[in-house]
Every structure is written in structure tokens, then in C-alpha cells.
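A.B. asks: Got a predicted structure plus its sequence, pasted below:
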Amino acid sequence: MKFIVAIVKPHKLDDVREALTGIGVEGLTVSEVKGYGRQKGQTEIYRGAEYQVNFVPKIKVEVAVDDGLADNAVEAIRQAANTEKIGDGKIFVFELQQAVRIRTGETGESAL
Amino acid sequence: MKFIVAIVKPHKLDDVREALTGIGVEGLTVSEVKGYGRQKGQTEIYRGAEYQVNFVPKIKVEVAVDDGLADNAVEAIRQAANTEKIGDGKIFVFELQQAVRIRTGETGESAL
Amino acid sequence: MKFIVAIVKPHKLDDVREALTGIGVEGLTVSEVKGYGRQKGQTEIYRGAEYQVNFVPKIKVEVAVDDGLADNAVEAIRQAANTEKIGDGKIFVFELQQAVRIRTGETGESAL
Amino acid sequence: MSGADTAWILTSTALVLFMTLPGLALFYGGLVRAQNVLSVLMNCFAIACVISIVWLVLAYSIAFGDGGAGNQWWGGLGKWFLAGVDVDTVSGTIPESLFFMFQMTFAIITPALIVGAYVERIHFSFVIVFSVIWVLLVYAPVVHWVWGGGFLADKGVIDFAGGIVVHITAGVSALVLAIMLGRRRGFPSELQAPHNPGMTMIGAAMLWVGWFGFNAGSALAADGSAGMAMTVTHISAATGAIAWSVMELIRYRKASLIGAVTGMVAGLATITPASGVVGPVGGLALGLAGGVVCFTITQMIKQKFKIDDSLDVFAVHGVGGALGTMLAAIFASTALGGNGLTEGVTIVGQLGVQAYGVIVGVVWAAVITFIIVKVIAMFVPFRVKEEDEVQGLDLAMHGERGYHTL
Amino acid sequence: MSGADTAWILTSTALVLFMTLPGLALFYGGLVRAQNVLSVLMNCFAIACVISIVWLVLAYSIAFGDGGAGNQWWGGLGKWFLAGVDVDTVSGTIPESLFFMFQMTFAIITPALIVGAYVERIHFSFVIVFSVIWVLLVYAPVVHWVWGGGFLADKGVIDFAGGIVVHITAGVSALVLAIMLGRRRGFPSELQAPHNPGMTMIGAAMLWVGWFGFNAGSALAADGSAGMAMTVTHISAATGAIAWSVMELIRYRKASLIGAVTGMVAGLATITPASGVVGPVGGLALGLAGGVVCFTITQMIKQKFKIDDSLDVFAVHGVGGALGTMLAAIFASTALGGNGLTEGVTIVGQLGVQAYGVIVGVVWAAVITFIIVKVIAMFVPFRVKEEDEVQGLDLAMHGERGYHTL
Amino acid sequence: MSGADTAWILTSTALVLFMTLPGLALFYGGLVRAQNVLSVLMNCFAIACVISIVWLVLAYSIAFGDGGAGNQWWGGLGKWFLAGVDVDTVSGTIPESLFFMFQMTFAIITPALIVGAYVERIHFSFVIVFSVIWVLLVYAPVVHWVWGGGFLADKGVIDFAGGIVVHITAGVSALVLAIMLGRRRGFPSELQAPHNPGMTMIGAAMLWVGWFGFNAGSALAADGSAGMAMTVTHISAATGAIAWSVMELIRYRKASLIGAVTGMVAGLATITPASGVVGPVGGLALGLAGGVVCFTITQMIKQKFKIDDSLDVFAVHGVGGALGTMLAAIFASTALGGNGLTEGVTIVGQLGVQAYGVIVGVVWAAVITFIIVKVIAMFVPFRVKEEDEVQGLDLAMHGERGYHTL
Ligand SMILES: Nc1ncnc2c1ncn2[C@@H]1O[C@H](COP(=O)(O)OP(=O)(O)O)[C@@H](O)[C@H]1O
Ligand SMILES: Nc1ncnc2c1ncn2[C@@H]1O[C@H](COP(=O)(O)OP(=O)(O)O)[C@@H](O)[C@H]1O
Ligand SMILES: Nc1ncnc2c1ncn2[C@@H]1O[C@H](COP(=O)(O)OP(=O)(O)O)[C@@H](O)[C@H]1O
């Protein structure tokens, strides 16, 4: 199994979720993160002082998939999250050794 | 070493923590995430409009353990987090190459 | 490629970021987490009742790097985040199978 | 001059300013995305500032000056910059400076109500320019017609605290502006839920309390009329909230906080024109009518007409204000516990007068708003760029963010 | 009729409504889990709405009507729907409509105080039904006995602004209800900390300011009596806060914001019955007593008796109200700077009368609350399902969430 | 005694307390890191509590007592614990108890303003001890000199509602204290942005509304003077906000919410000493001057002098107060719409008197603050440990956290 972590722009979350469910992914987990990279944060002004904001809000999507689905999933995320602007984000793929569904105790691919 | 990531229901956090410390785990890291899966979010109503909420609040527990403790830890989490209802969550297990304790510079199992 | 996850004290974030960019890392992702470990949370008092707080606020820094940069990066984080006090945190290193830059579709090391 | 009346109107002025700052600002601010909360607060705040100056420079004179031969239509420019008004000048039983201030707070809240129509996508510059011109061309003239001795006053229109003047003008202009501006990205199916309903409730509570200044203050005296206006205002607010909640319970099996407070505002908007002429039973009736009717129209505007009057300004204020203006004619009758209509006027006669007033208000607000939006949009950016809308107006327009945690 | 008195009571009415909406709602809302914040706000808001109607329909008449032969016990039904009250009706030196409104705000806040006892686990339907019946059977009769010419008034009980009427009835009923409802999951060892102490402080500040209307408004006049009531109220609030903080410092080495504002409320509850009869030194003494005693009882209720009166309604309001009612007899004496007891009454004599009043209040509130809870629970769900409690009442009861960020 | 004046001052007292609790507390609380929000709220709240007691025990007597032979300098101790004041004692046209309360709210907000200078790094014990001694040695004497019949009153200094008494004393002491305490970790380049600008805006709105009590209440009557004071106050607030926003637009291309509300406070501080003597045009002028000058000084203090007067107390209050005190002499002239200077006094003459008053206020505040800080710091911890500063004062000082989500 593979574990895919994607860092995407916040307003792309719904597109990514739909793309993934479209190819048969049944579950995923998301969280709010802040990204630092080529895309620079906007300057914020308070009381006439400028604050350079280094971090940009991003969404992290985590999804575990069968090996067979992995390439599809990466591609689906890439297309859904792409705006062709700097800061679109990254996709990281890891080897997943084991998965367990807490409710049933199922393990491996049937746990996903 | 193994790195275990568990997605559990928020009110199960304390039980999971106690189960893990019970088997000798000394540290862990948690964060708030939102899950998408078989369990559906509740509909929220605002000004007479219904909002279908796709994401359900979950807690992510991350814990690095010795190889020897890994199976125990997975089982401990599974039992503590299980309510036998849909949405109880998942446990994912990864191979951990290296661990470092920042304060002392210790590495490997002694860093945990 | 390696994927490094560091759990550090919140006020060390800027130092860690600077240390990493100093050795050539161009991007990273951070999030707020709560840690449980040797460092104990402070007791909070409300209406004359004491609440023992188990979790301490921490920052999680995630960064994907070339294999060549990995050791440097771990060391840079360690030095920047070290205060020599309990609770300084951990660094975890994982094997990263694949990385994709969403904007361009680049993969592997050039995606970082 | 009456010290007692002055004391109460000083207080009422503070209460009505409090309705906008921070009341209405919070009420609206809680209903948008977290990335737009400051922009909503800033809209309300900036409107309060610029309209205060506009009111001093020109609008008060247009509304309450003596227009001489043209007094049917406007008050002229004689009182610009409060010319001729000093510490000792009196208006009725209170200092004119105070009357000016009290009325200013109405001039502030009315364009601020319109904010609800255009949140999350309008350009900040447009908000300012539009509000200034709107107060001069829509609000101030209508005030003059109804309260400043103009032609609607002559007709005998009843509008105690501003059903036509405030709620209809704001509600109708909001609808026109919302249509012209277009829908938010994702409307209606993929909107984000209100980011902080508690903030909305705080604002609503402040509106309720402040409304005592609005309606009971409109008696311009500390007397039984003020006491009764306060009573019926309160009863209508409570009934409106209950009515809306019951509608939700019937339809969705749950009564929400946002629903309850919206019903409260509907009840308040509805009683406003009638608050000086009806009794407690009228308060109950108008609150009930306001809650049920505004709830229904809110659904229709969104679901049927798919108009993104984002925070329901038309459905709550426009409709509530019109409804209350009409019902005032009925519940003013002594048989229903009201203070009675003018000697010799029948309910049906008064209904005709009220309808005339409503129509004048609706048409004037709609037409002038349409024209000024068209004209201003030639010179000032109207809607923000899509990426600014996505990112949120707080950063895009004001360089700030609402909540910092990291 | 006095315009000046009317002006001040119009203001006081706004202030006391402000105490509940949003004051008390925020005070309580900040103390619960984030998943229950809207439910607390909604409880306070909904109580305000339904009790307003109940007050109009029946409760005002029971409290302040003329009960004829039974006037010792209740005011009868003669004033239901404000029958016979119009714009010109006067009560003392103010319009009766205004007196009705002022008293309504007291009738709203009293059952809203009880909310603190049952947060995070009660069913919303129960809140509504209980509050309505409680106001009719507990609150309105006690008002009549003390302020409406009933048997406690005849005895000469001193209760200037509602120590017995408001704080004892609410506090005692809260305790009974909390015991009957049972503890929250995790009480007392694994509760979550208050989710937003800043929100609690905002509410507390509003309570402080609003209490000026509550106590100084209870003079029903704009005179020296109101001025002195405001002074002693303020001094007692400040002293209560300091006393509580010092207790915390001694015990925990740190003074918390939540502690300070709780002490403030204790000081205010304690001075309330005495605020029209004591002087500044009385204010200091009652604030000190309130802070120290309520702090001690708060600890005992939780730690010793393990009763989950979740937000300490009994320990703060019940105890503070009773304490203040007793101390009023002492600090009213001119030797201690008070206004003096009635000609011919000794301190000891008055203490007896006060004790009688306290006992009547406590017993009536406890017994009737017990009975009505038992009866209502047969028809209406009392406590929510455990999974709803875990998930939080905001979603379970109202279909909303307090904070949206994603 | 006038009931009407009493009604208005009762209200004004509530409004001015509301300025501090929760107004100023929120205004400041939103500007700091999330880990220090409770500490800021607690500072304001605790100051309100202890200063209330100090005012009762001694400070009121020093400020408003009859100092006999030394009356030029202080009011003596004759009125400690309000000796000799009962329900019937009158001060001017209102009860003395009420005058005492109204003035107490000024004594509370003045040291609370200083909080902005030392947030995020001061020890809580120091805040308390410093505030108590500061009110006794700086505030109360200056009040006596200006308003209590002391030597500045004799000179004919104009300070209607507290430009010298409140804003200069607070602003100058804030600057001295900020320098002595040292900068926050990370100042000026790596500070964290204000954690909740919306909270700041809520506080600002409450300050605006409450300032009606501050300035129009300072008329101590419900009359035309109060009405005009309210008018010029409001106009100056609005103009100050607009001026600051325009400065931001010119410099940064964006107008921020925090900028707008800061400009509003600058406008209010500037009009305060002049609010009883100028007309609407004076309001415009002073607001404009306040907005532009305070904006400029704010930048200089931070960027040029690198002084961490964290929330700009000196630049806004100190500078605004001094500016307004000077401009009062000019805009009081009838030619500019003011009420006119005293018969026989020229503008230049009055300017000299005003300058004298400003200098006395500045020097006294600076010198005494320097001395008392030095002395107190020998006995009480001044600045927190670095790790407490990093962690935030909420946990370190009060054992609480502002926001709980997990
Ligand atoms: N080496 C990295 N490791 C972890 N996260 C990264 C890394 N580089 C970039 N990111 C994440 O991806 C986001 C987008 O990267 P950025 O360099 O801004 O633009 P782009 O994706 O177009 O190259 C960043 O905000 C950060 O969250
Ligand atoms: N393939 C997946 N990858 C990552 N997270 C998942 C995946 N499937 C489920 N999850 C997480 O697990 C949670 C529970 O899954 P769900 O399908 O609702 O119920 P169950 O665990 O009972 O099968 C989800 O809310 C989501 O956070
Ligand atoms: N086994 C573990 N797995 C995951 N995270 C851990 C583990 N142990 C510690 N941590 C994280 O590291 C943080 C610091 O650990 P702690 O034991 O408090 O001190 P130290 O790092 O000095 O040993 C914890 O708060 C937690 O977030």
C-alpha cells in the first residue's frame, strides 16, 4: 500500500476530494497547515508597521491507497489541485507497511 | 523502529493516550484533523439553508516506537479507540529510519 | 529522498526555518500539534479547580530533502531547536518514495 | 427644552450608534468566512465614519433643513455644516445638536445594513463611494419626505421609527445591488458555513438592546410613548425569534441559534414603523407576521430566485419594513390595543396611504440605486478579482488577517 | 409622572436586558467546551424570548397585579396581556409600560442564571418548558410576596434589588436541578477547561455595567438613592473580585482571570438585596464577605459534595444572595454608614425577618423546582443521549458549530 | 438637584465604565499574541477593581476634597471613605455619590490606558502596585489642579474632559515606563502580528460609544452643552479614523481595520480637552490633526526611536491629548464656531495658559513615574523571566490559556 500526502491550496480541497472519490478512494484525512516555499506570503500592515508573513495557509490531504491505485491517485490530485501558479503545492508518496480499521480490526488493503 | 499514525474519534483521545502509556510508550504527538469516509458529517442549518458537512472532526495520534513494541501499540490503540461504530478510524504503520532527541542528540531507539 | 518530521517548541520555529533555508532547503510545511512526553503541561486553575494539562503546544515541521542534504538538515534542525531543556522535541526521518510538484508535474528531487 | 427628554435622547443616540458599532458589524461578521470577517467589520466601521461627515456637510440639511418652496422634496442646503446651530439651538424639547446626532446614527446604520448584500466579493472602494452617494440621493431625501415635512408626511404616512425610511430603502437597494454584483463563487450549493455563529449572536443581542434607543428614542421624549414603544419593540423581537425557530423546527427538526436571532431581527424590522402606534397585542402580531413571512421569503430568494443577497437584507429588512408599515395601519386601531388613527381616518384609508408610502420608497430606492451603481462602476472597481475572492478580502483589501494562531 | 425618572428607567431597562443578552450568555458561554458554546448562548437567548411572552401573558399579572383578597399570595390574572395599561398609565413616577418592561428584564435574567447548572448535557426542549413553568410557579409568586405587596413585604423584608427574589430562587433551583440531572461525563476529574476565558470576561464586564441598571434602577428614580446604590454596587463588585483573587493567590499562588470575574459576580449578587440600604463601607464589607464565602462554598460543592452545578450558580448566586440578604440588616444601620432601619426596628429584629424571607425563598424554590422537574421529565426529554453529550450540544441540538475554520 | 442631569450622569457613568470593561480591555487584547490575551484583560480588570477601592479610600479626597490652605495643591484627606457623603449630599445638580462614581470611572480608565505600554512582558504584581501608587501620586493631584480648584484651574486652563488629566498623564507615563521596562523579545523586526483584530475593533467600537459618556457626561448636565460635546466628539472620532486610513492608503496602498480604529482613538483623545468649547468645525479640525499627527508619531517612536511603547499609548494618547489641549484655545473662538473664550482672554493668551498646563502635566507625570518605578522595582518583580515571556503571560502569570480547542 502507498500513503500519499498532498499539500494543496485551501480552495482546491473540494476539487481534490472529488477527484479522489472519482477514482474510487473511499476515505481521506485533511488538516490545516502553513507552507513556506517559493510563494511568498502577503505583507500585513498593523499600526503602520509592516509584517512580512512567511507562511501561507495550505491544506494537507493524506490518503492511503492500494498499490494499484497509487499512480492514479497522484495524477488525480495533481490535476485537481493545479492552477499553474506558484504555490500549488507538492505530493509526497510513502510506502505504507500496515493499515488497520479500528472498528473491525481488518488489516491491509481491506482496511482502506 | 516503527511510526504509527492513528486517526481516532476526538473523545477517544484520552483513552488512547492511557492505553499507550500503559504499555510503556513515553511520548506521542497529536493534532486536530478532519476526516472523510463512510461516516458522514451532520447536516448544519443556517438561515434555512442546509449545509452538508463532508468532513468530521478527528484526532491524529502519531507515535514512534521500537520494533518490538509496534504490534502491542497498534493493538492498544485499536482497543482503546474502538466504539464499534462507523468512523472509528484507522491505524497506519510506517517504517521509521531514524529518530533524534533534539535536547541530547541521542539517536535511534534511545531517542524515543 | 528523505522526509524529515521535526516536533519542536513553538518559539523555535523561526530559528528552524532559518537554519534550513541556510543550508539550501527551499520549502517546508508546518502545523500546530500538541505533544505528550517527559515535559509536563502546566496546571491550569479555573474556579478554584485545578486542571492538569497533559498536552503541550508544539510545532511540527515537515520537510522533504535530497538524500545528500538529509544529514545536514537533521543537524541544522537539531541545533536550531535545542534549548537543552526537557521538551525540545524529536526529529523523525522517513524514506520518501516519490515527490511531485503540482504546478509543473516535475517529479523526484527536482520537485523539491 | 426638557432635561429629561434630553437625557433620554443622549442615551438613545449612544444606543443606536452601538447598534452599528459593534452590533451590526458583529452580526454580519459572524456569518461570513473567517477570511472575510475583518472586511465586514471594516465596511461597517468605514461607513460609520464617512457617513458622519456626509451627514454634517450636507445630508442633514437635505433631510431636515427648510427647503422653502421645494420643501415637499428636500430640505435645501441651508443647514450644511450645521450652519446656525449652536449650543443653545433647540429642536422640539431637545438641543438641535442632539437631534442632529440622534438622526445621524440612523443615517449610519441604514447604509450599513446594505453591507449584508455584498459581502465577500465587493471592492472596498466601491463600498465607500456607493454609501456616500446613496445617503445623499436615496436616504436623505426619503427622510425628508417622511420625517422632514415632505410630501409623504403631508399625506399622513405613519412611519414611527423608519420602516420606509430605513428598512425598505436599505432592503430594496440591497437586492438591486446584490443582483448587479452577482453571486459569490460557490453560491448556492458550495458555500462555507458561517464561521462564528456566536459572534453573530453577540451582534444580535446588541441590536436588540440598541433598538430600544432606535424605537423608544424615536418618541423624542422620556414619556409613556417611549415606554410603550419599548414594550412593543421587545415583544415583537421575542415573537419574531420564536416564530422563526418554530418554522425551522417544523422544516428541519432543529432550531438554530442563527435562525432565532434572524427571526429577532425580522421582528424588530417589522415593528419599527409601527412602534409608536400599536399596543402589546400589536407587538405580538407584528413579530409573528415578521418571523413567518421573512423566513419564507428568505428561502425563496435563495432557493427559487437564486439571488445572492448574501445575508438576507432584502428578505429581512425590506420585507419586514414593508410588512410593518402596512400592518401599522391595522394595529393602530384602538380595537386592537393601538393608540388609534387620526380622527376621521379609516383603516382602509390609512392602508392606502401606507401602500403609497411603501411604493414610493421601493421605487425610489430601486431606481436610484440602479443608476448610481451603473455610474460609480464606471470609475471605481466594483467586484474584486476572483483570486482575491478566493483568498478572502481581509488580506486582499486590508492587508490583515482575522485570526492569528501560529 | 417624572420625565427624569422615566429617562433613567428606560436606560436601566436596556442595561438589564444587556446583562442577559449578551452578558450572561457570554459569561457562561466561555466556560464550557467549544462544542457547547452555541447551546449555552441559545439557552439564554431562547429563555429571553419565551419569558418575555410569558411575562406579558400571565406572569406580570401574577407578580404585580392586584390579587384582591388573595393579594398576600399572588396578584391575580387581572393584568394579563397588560389589560388596562395604555400609553398614559402610570406606576409610581414612571409609565406602567416601562415598569412592566423593567421588571421583565429581571424575569428574563433569573431563569437564565439557572442555565449555569445544566449546561453541556440538558435537552433543549426541557430548558424551554422548565423555564416557562418555573417563572410562573416560582419566580412570579416570590416577586409578588416581596415586591408586589405580598406577605413578605408585609413582614418588612428588605430585598432592594432581588437577593431573595432573583439570586436565591435561581441559585437554589439550580442546585436542585443539577442534582436531579446528574453530573457531566468526566466530572469532576476529567473535565475540559473553559474554552474561552476571554469570552467569559467580556460577559462579566457587561454584567458589571448592566448591574448599575439592576441595582441603581431599582431605586425607580434618578436621585441620590440611585447614586448611592450605584456606588455600593460598584464597590462590592470590586471588593468581591479582589477577595476571590486573594483566596486564589493564597491557595494556588496565581490569580486567574476567571477567578477574578467570578468574585466580581459574587460581590454583585451579595450586594443586590442590600444596595438600597447600605453605605460605601457596607459595600466593602458585603463584597469581602461575598468573595470569601462564595469561593469557599464553590470548592465545597465540587470537591466535597461532588455536585455538578456546572457553573456554580448555587455557590455564587444562592449563597451570595442569602448572605447579602442577612447582612443588609446589619449594614443598614446608620452606625455602619447605612440609611438606617425602619423606626423602631432593631438589627436583631430585622435579622429575624430577613432569615424568614431567606427560608421562605429557599424552601419554595427547592420544593417547587423538584416537583416541576419530576413532572416535566415525564413528557419532555430531560438529558441528552450520551453520544450527543460527547459530540457536543451545538450540533446535536441546533445543527450548528461554534467555530468553522477549514 | 436635577433629576434630568442625574439621569444622564448615571448613564454616563455606566458608559465610561464600559469603556474600560470590556472596551479598552478588548481593544488592547486583540493586539497582542494569543498567549497574552488573558493577561491584558486581567490587567485592565484588576486595575478597575483596585483603583475603585483606592478612589474610595483616598484618591477621591485628594482630587476633590477641600484642601483648605493647601487647596492649590491637593484636596486633603477629609473625604476619605466618602466621609460626610450620604444619600442626600449634592454636588452641583447631582448627588455627590454619583459625582464620585462618575469621576471614579475616569480614575479607572487612566491607569488602564497605560497597560498598552507594558503588555507581554511585565510582572502582574508590578502592574497592581504601580497602578495604585500612580493614581495616588500622579493622577489624583493632577485632577485636583485642573478640576478640583487647584492652581491650574486658577490659571484658567481649559481641559473639558481630560486632555491633560487623562491622556497626557497616561501617555507620558506610558512612555517612561516602556523605556524603563525595555523592549519585547523580537521587537521591532520579529514581532507577531495582532492575534485578533476583530477583538480590537469590538473594543474600539465600545470606546467610541462610551466616549459619549466621557465627553458629553463631562457637561455634568443633560443640556445643549452635552449635545454639542457629543457632536464634536463624534465628528472628531470619524475624522481621525478617516485621516489615519488615508495616511495608510498613501503609504501602504491599503487601509487596515486596525489603522482605522487607531485613528478613531486618536481623534477621540484629541477632542477630549476641547469637547466643551469647540463647534462642529473644530471637531473636524481636531480629528484631522489628531489622525495625521498621531499616525506620524506612532511611526517615529517605533521606527526611529525604537521604543517599544507596545500599543502606542504615548503616540496616541499623550500626543493627541497635548495637541487637543493646545488646539482648544484656537477652535474655542467663535469665529471658528466655538463657544468663545472667557471675556477678555485672547487666543494667544489662552495658548500660553494651555502650554503651561501641558508642560506641568508632562513633567509631573514623567518625573513621578520615573521615581515610583525605580522605587517599586526594588520590592516587586518588574519584568517576567524570559521563558515566561516566550511561553506567554496567560499561563505564566494566571495559570490559564485564552483558547482551548483540543
Ligand atoms: N521541501 C519541501 N518539504 C515539505 N513541504 C514543501 C517543500 N517544498 C514546498 N513545500 C510545500 O509546498 C508548498 C508550495 O511550495 P512553493 O515552493 O511555494 O510552490 P510550488 O509548489 O509551486 O513549487 C509550500 O507552501 C510548502 O507547504
Ligand atoms: N484511505 C484513507 N486514507 C486516509 N485516511 C482515511 C482513509 N479512509 C479513512 N480515513 C480516515 O479514517 C476516518 C474513519 O473512516 P470511515 O470510513 O468514516 O469509518 P471506518 O473507520 O469505520 O471505516 C475518516 O474520517 C478518515 O479520517
Ligand atoms: N515516541 C514519540 N512519538 C511521537 N512523538 C513523540 C514521542 N516522544 C516524544 N514525542 C514528541 O516530542 C515532544 C517532546 O518530548 P518530551 O518527552 O517532552 O521531551 P524530550 O524531547 O526532551 O525528550 C513531545 O511533546 C511529543 O510531541
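C.D. replies: Thanks, I have the structure now. Residues are numbered from 1 along each chain as shown, chains lettered A, B, ... in the order given. Ligands and ions are numbered 1, 2, ... in the order given.

A.B. asks: C-alpha only now, for contacts and for neighbours.
C.D. replies: Will do.

A.B. asks: in chain A, what secondary structure element scores lowest on mean pLDDT?
C.D. replies: Of all helical and strand segments in chain A, the minimum by mean pLDDT, DSSP states H and E falls on strand A:49-52, at a mean of 74.

A.B. asks: May I ask you to name the longest helix in chain A?
C.D. replies: Ranked by number of residues, the top helix in chain A under DSSP state H is helix A:67-81.

A.B. asks: Tell me where the model's unsure across the chain.
C.D. replies: The chain I'm using is chain A. Low-confidence segments of chain A, defined by pLDDT under 70: A:48.

A.B. asks: if you could check chain D rather than the one you did, that'd help
C.D. replies: Along chain D, segments meeting pLDDT under 70 span D:406.

A.B. asks: For residue 22, grab the count of nearby residues.
C.D. replies: Going with chain A. 12 (other Cα atoms under 10 Å in any protein chain shown).

A.B. asks: switch to chain D, that's the one I care about
C.D. replies: With neighbours defined by other Cα under 10 Å, the count for D:Pro22 comes to 27.

A.B. asks: before we move on, the earlier item: what lies in contact with the next helix or strand after the longest helix of chain A?
C.D. replies: Remark: after helix A:67-81, the chain's next helix or strand is strand A:90-95, criterion DSSP states H and E. Strand A:90-95 is contacted from outside by A:1-8, A:74, A:78, B:94, C:95-102, C:111, using Cα atoms under 8 Å, 6 or more residues apart in numbering or on different chains.

A.B. asks: So which bits of chain D are right by chain B?
C.D. replies: D:191-194, D:248, D:252, D:256, D:258-259, D:262, D:295, D:298-299 (Cα under 8 Å from any Cα of the partner chain).

A.B. asks: Can you say which of those are buried?
C.D. replies: Listed as buried from the residues of chain D next to chain B are D:192-194, D:248, D:252, D:256, D:258-259, D:262, D:295, D:298-299; burial here means 16 or more other Cα atoms under 10 Å in any protein chain shown.

A.B. asks: closest to F:Gly320 among the residues you listed?
C.D. replies: Closest approach to F:Gly320 among those (Cα to Cα): D:Pro194, at 38.9 Å.

A.B. asks: Could you grab the helix/strand/coil label for A:Lys58?
C.D. replies: Here A:Lys58 is recorded as strand under DSSP: H, G, I helix; E, B strand; the rest coil.

A.B. asks: ok, now D:Gly186?
C.D. replies: Classified using three-state DSSP, D:Gly186 is coil.

A.B. asks: Tell me the residues on chain A that lie near chain D, please.
C.D. replies: So chain A meets chain D at A:11, A:42-46 (Cα under 8 Å from any Cα).

A.B. asks: Give me the subset of those residues lying in strands.
C.D. replies: Among the residues of chain A next to chain D, the ones falling in strands (DSSP state E) are A:43-46.

A.B. asks: The helix or strand hosting D:Val172: what's the following helix or strand?
C.D. replies: For D:Val172, the element it lies in under DSSP H and E is helix D:169-181. With elements assigned by DSSP H and E, the helix or strand that comes after helix D:169-181 is helix D:197-211.

A.B. asks: ok, what's across the strand from A:Ile59?
C.D. replies: Beta-bridge partners for A:Ile59, by DSSP bridges, are A:Val8, A:Glu32.

A.B. asks: any chance you could map the helices in the stretch 1-150 of chain D?
C.D. replies: Remark: helices assigned in the stretch 1-150 of chain D by DSSP state H, counting those that start in this stretch are D:3-18, D:25-29, D:37-54, D:60-64, D:96-118, D:124-134, D:140-147.

A.B. asks: Of the ones you listed, flag the one that's most buried.
C.D. replies: Among the helices of the stretch 1-150 of chain D, helix D:25-29 has the highest mean neighbour count (mean count of other Cα atoms under 10 Å in any protein chain shown), at a mean of 30.

A.B. asks: Check which helices and strands that one sits against.
C.D. replies: Packing contacts for helix D:25-29, counted by 3 or more Cα pairs under 8 Å, 6 or more residues apart in numbering or on different chains; DSSP states H and E, involve helix D:37-54, helix D:197-211.

A.B. asks: can I get the ones in strands among the residues of chain A next to chain D in TSV with neighbour count and distance to ligand 2?
C.D. replies: Formatted as TSV, those follow (neighbours: other Cα atoms under 10 Å in any protein chain shown; distance: Cα to the nearest ligand atom, whole Å):
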residue	neighbour count	distance to ligand 2
A:Thr43	15	34
A:Glu44	22	34
A:Ile45	24	37
A:Tyr46	22	38
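
A.B. asks: that older thread, give me the contact list for the least confident helix or strand of chain A.
C.D. replies: With contact meaning Cα under 8 Å, 6+ apart, strand A:49-52 is reached by A:41-45, F:191-193, F:299.

A.B. asks: ok, back up a step: reformat the buried ones among the residues of chain D next to chain B as JSON lines; add secondary structure and distance to E:Tyr139.
C.D. replies: As requested, those are exported to JSON lines (DSSP: H, G, I helix; E, B strand; the rest coil; distance: Cα to Cα, whole Å):
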{"residue": "D:Gln192", "secondary structure": "coil", "distance to E:Tyr139": "43"}
{"residue": "D:Ala193", "secondary structure": "coil", "distance to E:Tyr139": "39"}
{"residue": "D:Pro194", "secondary structure": "coil", "distance to E:Tyr139": "37"}
{"residue": "D:Glu248", "secondary structure": "helix", "distance to E:Tyr139": "30"}
{"residue": "D:Tyr252", "secondary structure": "helix", "distance to E:Tyr139": "33"}
{"residue": "D:Ser256", "secondary structure": "coil", "distance to E:Tyr139": "28"}
{"residue": "D:Ile258", "secondary structure": "helix", "distance to E:Tyr139": "29"}
{"residue": "D:Gly259", "secondary structure": "helix", "distance to E:Tyr139": "29"}
{"residue": "D:Thr262", "secondary structure": "helix", "distance to E:Tyr139": "29"}
{"residue": "D:Phe295", "secondary structure": "helix", "distance to E:Tyr139": "33"}
{"residue": "D:Thr298", "secondary structure": "helix", "distance to E:Tyr139": "38"}
{"residue": "D:Gln299", "secondary structure": "helix", "distance to E:Tyr139": "39"}
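
A.B. asks: quick one: which of these is nearest chain F?
C.D. replies: D:Pro194 (15.6 Å; Cα to the nearest Cα).

A.B. asks: wouldn't the closest one be in contact with D:Gly30 here?
C.D. replies: Yes - contact criterion Cα atoms under 8 Å: D:Pro194 and D:Gly30 qualify, at 6.1 Å.

A.B. asks: Tell me who's in contact with the residue in chain A positioned nearest to chain E.
C.D. replies: Minimum separation of chain A from chain E (Cα to the nearest Cα) falls at A:Glu32, amounting to 7.0 Å. Contacts for A:Glu32 were tallied using Cα under 8 Å, 6+ apart; they are A:57-60, B:33, C:31, E:406.

A.B. asks: I'm done for today, thanks for sticking with me.
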